[in-house]
Structure formats: C-alpha cells, structure tokens
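Asks: give me a model of this one.
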Amino acid sequence: MPPMKRKKGISASANARAAAKAIRQSELSAIHEKDAPTKKRFQTYLTLLVSMLVIRWLLLPTQTNPHSKPDVDSKGQLQMVFDEFFAANVQPLWDRAFNGTQYALEESSRVGHQLKEQNARVKHPVVIVPGFVTSALELWEGESCMKKNFRQRVWGSASMARTFFADRDCWRKHLQLNPQTGMDPDNIRVRSAQGFEAADNFIATYWVWSKLIENLADVGYDGSLMSMMSYDWRLGYEYLEKRDGYFSKLKAAIETHHKTSGEKVVLVSHSMGSSVVYYFLQWVVTDGGGGKDWVENNVHSFVNIAGTLLGVPKSIPALLSGELKDIAVLMPQIGDLLENFFGRRVRKNLWNTWGSLYGMLPKGGDAIWGSGADLDEIIDPTPTIVWNNGTEEFCSSSLSTSIVENTTPTDEKIDNGFTDEELELYIPASRQWTMNETIDHILRTGGGYGSRIESIFSFDSKQGWKERSSSANKRKHWHDPVASPLPNAPSLKMYCLYGTGLPTERSYYYQLSCDKVSASKDVDVDRTCTAGDSETTCSNGTGDSDGNPPESPFYIDVAAKNDLRNITSGVRFSDGDGSVPLLSLGYMCQKFAEPRSKHNPSGIKVFTRERKHDAEISLTDPGRGGPRSGEHVDILGNVGVIEDVVRIATGLEVEEKVDKDIIVSDLKNIVQRLDEHPSGGLKHVLI
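Replies: Model prediction:
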C-alpha cells in the first residue's frame, strides 16, 4: 500500500475514517459485553486514545520549525476535515466509552435518583454562577487570522487547543483584553457562551457542572426552573456590568424565576463564581436599584461551593512572573521548548490584562495571611514571598533598589524556633515580602501595565470597612468580605461546601534574574509602554513597540525544598482543595456564623460543610478523583455536595440533614489561633 499523502486532506480523512470505523465497532462491542474483563476494557480505551493521536497526525501537517508560519488556507481546510471527522467518528465513541452506556446503567446509584425515591421534588428555582475559566468563550468579531472562527469557541472546546497550536499569537491576541481599559481590544469581541452548554463540560467529556445538573434533573428540574448564568471570566467584576450588563441580567433572571415559580431562588456558585456572587449581593442593593430588602425578598439560599472568598495566593505568581506551579516545575525538563512557544513574558502579559486575576488576589492583607495560623508558623509576620538571592547578588539597578526598599530584611541565621534537623533544611531568606507588600507591588506596577486596576479593586480592608455603603469608593471593596458585610437578609441561608486534605499553594520562594534586568540599569517599574512609543524607547527591559511590558526578572526558585515545612519546588503548601487554601475557603464562613457578627448584621444562618478528599480511580471517569473527591473542580461531582445541593433546592429534610456544620480539617483551631494573634483577625479591620 503506497504511503498516504498529507496534502490530500479528504483522502486522509477517508482512510482514517475507515480505520476508526473498525475501532469503533470493536469498542462498542466491548462496551455492551456485560462480563468483559477489566483488562480488555482498559486495552480498548488505550487503543482509542492512540488512534485519536494517529488520526490527528495523519490529518494535520507537522511543523518542523516552531517559528515558521503554516499556510493558512491549506491548514484551515485540513482543520475543517479534522473537525468533521472528530465530531462524526471520534467524539461519539469517546462519549460512549467513558460517559455513555455504563454511566446510564448507574442511574439508580445517582444521588438525585435516590432522593427522588425519597419524594424529593422541584421547589426552589436554581441559578448557577460558574467559576474562573470554566465557561466557554466565543468569537463574535476578530482579526483576519480568526475570522473563520466566527461564533466558534476560542476557549472551552477541543478546537481551542488546535487553534492555539496553529497560530498562538492570533489566539493570544483574541484572549487578551485591552490593558489600558480592561475591556475589548479594537476590532475584537469575545463573549461568554450561553446556556447550560457554556459550562456543563469544559472540553469534550471533562465535566464541570454536568453531574450536578443531571442529578437536579432526576428530581424534576429543567431549563424552566434552572439557569446557567455564565460570564466572561476574564473581566474585572465592575466591567462585567459595564460591558455586558451581567449583574442586571443576573438580577432579572432571579426575579423572573421568583415571579414565575412563586419561590425564592437558590444561588449556586463555584470558585471565583462565589466572589462574583458576593460582589453581586453588594451591587444589587445599591447600584442595582433593588433596595436593602431585595436579597431577603428574592434569594432563599447562597450555596458557595469551593468559593474564593478570601482569594487565592496562586494568582500572585501568575501576575508577578507569569508562572503557575505546574509550569515552574516543568521548566527544568522542557526549558527552551516551552519558553519559545509560550514563554513567561507572553503568559504574564496575557494574564495581566485579565482583571479577574486581580480580583482573586488574597484579601484581608497581613491581618489574615500574616500570622501563619494555618501553617503553625512562628515567623511573624509570615512572608508571602521569600527572595532567595543573597544581598550581594541583587543587581545594582533601579528595579532591584525598589525590591530592597519594599522588603523586610531578615537575619541570615534567624532563630525560627525549629529543631536542629529543621534548621539544617531551612532555607535562610535575605529578603521577604509580606502579603501587604506583595499586593502593593502588584497594584503599584499594575503587573507592568500601570495602576489602572486600582480604579476597580482595593485591598485596604480596613479603609473599605470605614467607607459608607453609599460611597462611590465602596464598590472597590465589594469583592472583599473582610471589608463588606453580608446583606440584610435574616431569612437567607448560606452554605459553604468545599473539599480539604490536598496540598494547596500558600506562599513562594523567588529569585531575581539579573540577566533579565536592563543592561542600561534604567528600568522603570511604574512606566507603561504605549503603542505610540518608539521601539528604541520601549526596548532594553522597558517593553516593546506593541505596548507590552518587559519580561519579568522574577522567577520561582524551583530548587527551594523543605519537606518538613511543606516546601516543594519553590512553593509552600497548606491545607485546602488543591487550588484554594483552607483559610480562604472557611475562615469567613466561620466568622459569619458567630453570634452578633458585625460582618453578618442580620444574623443570616451560615453552615460550613467540609468534605475530606478521598480519591479513587475509575475507568468510566478517567482523570478525575471519583465520587468522594475534594479537589477544587471534582467537588462538583462529590456525592455529598450533590446531595446537599439537591436537598437545599427541593427542601427535602434540609434542617435535619444539611443545616449543620461538618468540620473535618483543623479549621476551628486555625480560626482560634488567627483571632488570638496580636496582629491577626478581623478585629484589626473593625477598629
């Protein structure tokens, strides 16, 4: 048989389709064979995956030079062929193999089905607010390199990866927001997909909300009593309303459900979606025109699943140096390959235009994050960033001077109260930044884009608490539960549902790369490059002719390691759900629930229900943690969480089964240690 020619995409597709048909027939036979051995099923799934890779290789030409640009027309034609083939042949097979027949056979084991047998029925309408990056984004207007993708998903679909690898610069340009306005770049409009399909599954069968939606459907819910309120998760919260009218639409959806059903609404949110809801609860009674009793009259419950109420430290390295833990660890292995294709500078410049990442910076400052209550830390204040360069190693430039001026010096051999064994492994710090200093640096430099972000977010919780609710400056604090109390809604219930028992990023070890600092030693960290600047003006460390900031001279020190202090690859870990630390997940929920809490003036009942991470592997749900996982996204498929949500929505034995705390972590002791710390806790905000 002569070799297949890649230039003829149709022929390649036909041959690949014939091969896949045989694979599909074999796979379907194996699926319906009730007593098929596990080994045979595993081999079939493996064959499926390998076949998909081979098919992709046959249909898409390779790029021997990663910097060369492919012929757009021919590659676009081949991609269309691949899309048709994938949708017609591979996707149905994948769905049936992993999410189809076997899952249908397990209907009787689903929580929703079981609760239906206990007479659970539709009662309260459900409005879902998804989290960061889990809603699909669609192209509505773009440049020539992306016009063929009109109304196609540039985020949240299988074609997203292919679009990225075909032309990463074009993809990045369309995902990036205008760094000066925080909204759309000229001639580009990317918007959130709508409906349940916007966030039920992220890519193919990687479920997000689909399991919870299906369990609600088991007891009678459908699109008439349930809404998915997706949004453009890149935007700063204020811009969600300014550009898209999102909060007005959310308010209208809640009011409509209330009016048509006669029941108040259950608001269910996940991850950053909980911060968006918290902002909304402040907005709706003021700028939204609902009045102080709107929440009381329209919302039955606020179900906060794995919410980022006090932010996430992992947003810090994303904004500061364009790094995420997993990428930083990979660097020694893939080095130049990753950096040349999608380097730190490109990542940082993209992420710094997303106002949402600033909204997820940790809240409460040193009063919450500086005591080390969740780390059993003796150092006071507990650093957020430790600089591992020795003092003599700092570059003699204005940039390094700004670092020295904004850090707290420490003695090289400070007595931290550790044992001799711990001191032997301890990494002595020469400089350290507290949480306040870290966030101040990020806001002051605007991540390299200037300080426009300070117009929509403030992290001065103490000042925010003092601002009157009618003050124009108060809206900058609506994202911060430390600065903004719960609304006046005495009959409202709030549920904090999340997982624990997973190592979660808490603080970082950094180094300063002197070779990244301008040779002229004239870096201005507060300067913003604009398109009008000449290339010479914007070079040598101060940016480029496209208006992008310079490459960050900071990078995570992956050599930093100390098992006794939970430091791995330059990251210190605490308890949490793998993405959000326990301190952010649970502290405010506990403080809200205290009698006569000033942060809960109307006495809203608040319940904290933790789920200890208990992972298991299933061939029918590959790559996920199983029905008792406490991981940040998998928690949406946790059977305990699903049961809680279905009971709250239907009103089935809620007081007996749900309205009580489940604490399986060290949360109670953490709250006590933090509140007893002389410079920690909410008392420093209220004074």
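
Asks: mind showing which ranges of the stretch 251-400 of the chain have poor pLDDT?
Replies: 325-341, 377-379, 389-400 (pLDDT under 70).

Asks: what ranges do the helices span in it?
Replies: 272-283, 294-298, 315-321, 325-342, 344-351, 355-359, 366-369, 398-405 (DSSP state H, counting those that start in this stretch).

Asks: same question, the stretch 501-650 of the chain
Replies: Using DSSP H, counting those that start in this stretch, helices in the stretch 501-650 of the chain cover 582-592, 639-650.

Asks: pLDDT averaged over stretch 663-676 - what is it?
Replies: For stretch 663-676, mean pLDDT rounds to 96.

Asks: now do the buried residues in the strand ranked longest in the chain.
Replies: Identified as the longest strand of the chain according to DSSP state E is strand 502-512. By 16 or more other Cβ atoms under 10 Å, the buried positions in strand 502-512 come out as 502, 504, 505, 506, 507, 508, 509, 510, 511, 512. Glycine gets a C-beta too; all of them are placed from N, C-alpha and C.

Asks: possible to save the residues you listed as JSON lines with distance to residue 237?
Replies: Listed next are the buried residues of strand 502-512 as JSON lines, based on distance: Cβ to Cβ, whole Å:
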{"residue": "502", "distance to residue 237": "27"}
{"residue": "504", "distance to residue 237": "23"}
{"residue": "505", "distance to residue 237": "23"}
{"residue": "506", "distance to residue 237": "24"}
{"residue": "507", "distance to residue 237": "26"}
{"residue": "508", "distance to residue 237": "25"}
{"residue": "509", "distance to residue 237": "31"}
{"residue": "510", "distance to residue 237": "28"}
{"residue": "511", "distance to residue 237": "33"}
{"residue": "512", "distance to residue 237": "33"}
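
Asks: how close does residue 135 get to residue 233?
Replies: 6 Å (Cβ to Cβ, to the nearest Å).

Asks: apologies, that question was intended for residue 653.
Replies: Distance from residue 653 to residue 233, by Cβ to Cβ: 35 Å.

Asks: between those two, which is the more surrounded one?
Replies: The residue with more neighbours, out of residue 653 and residue 233, is residue 233; 23 against 14, by other Cβ atoms under 10 Å.

Asks: which residues does that one contact?
Replies: When contacts are counted by Cβ atoms under 8 Å, 6 or more residues apart in numbering, residue 233 touches 130, 131, 132, 133, 134, 135, 192, 272, 356.

Asks: now, which of these sits nearest residue 473?
Replies: residue 356 (20.8 Å; Cβ to Cβ).

Asks: I'd guessed that closest one sits against residue 239; true?
Replies: No: Residue 356 is beyond contact range of residue 239, at 9.4 Å (criterion: Cβ atoms under 8 Å).

Asks: now do the buried residues in stretch 484-504.
Replies: For stretch 484-504, by 16+ other Cβ under 10 Å, it's 484-489, 492-502, 504.

Asks: do stretch 107-122 as well
Replies: Residues of stretch 107-122 classed as buried by neighbour count (16+ other Cβ under 10 Å): 110, 111, 112, 113, 114, 115, 116, 120, 122.

Asks: secondary structure added to those residues, as JSON lines?
Replies: Listed next are those as JSON lines, based on DSSP: H, G, I helix; E, B strand; the rest coil:
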{"residue": "110", "secondary structure": "coil"}
{"residue": "111", "secondary structure": "helix"}
{"residue": "112", "secondary structure": "helix"}
{"residue": "113", "secondary structure": "helix"}
{"residue": "114", "secondary structure": "helix"}
{"residue": "115", "secondary structure": "helix"}
{"residue": "116", "secondary structure": "helix"}
{"residue": "120", "secondary structure": "coil"}
{"residue": "122", "secondary structure": "coil"}
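
Asks: ok, so of those, who is nearest residue 563?
Replies: residue 111 (38.4 Å).

Asks: picking up where we left off before, filter the contacts of residue 233 down to the ones in strands?
Replies: residue 192.

Asks: nearest to residue 640 among the contacts of residue 233?
Replies: Taking Cβ to Cβ as the measure, residue 640 sits nearest to residue 131 out of the contacts of residue 233, at 19.2 Å.

Asks: return the helix or strand in the protein with minimum mean pLDDT.
Replies: Lowest by mean pLDDT, DSSP states H and E among the helices and strands of the chain is helix 420-425, with a mean of 34.
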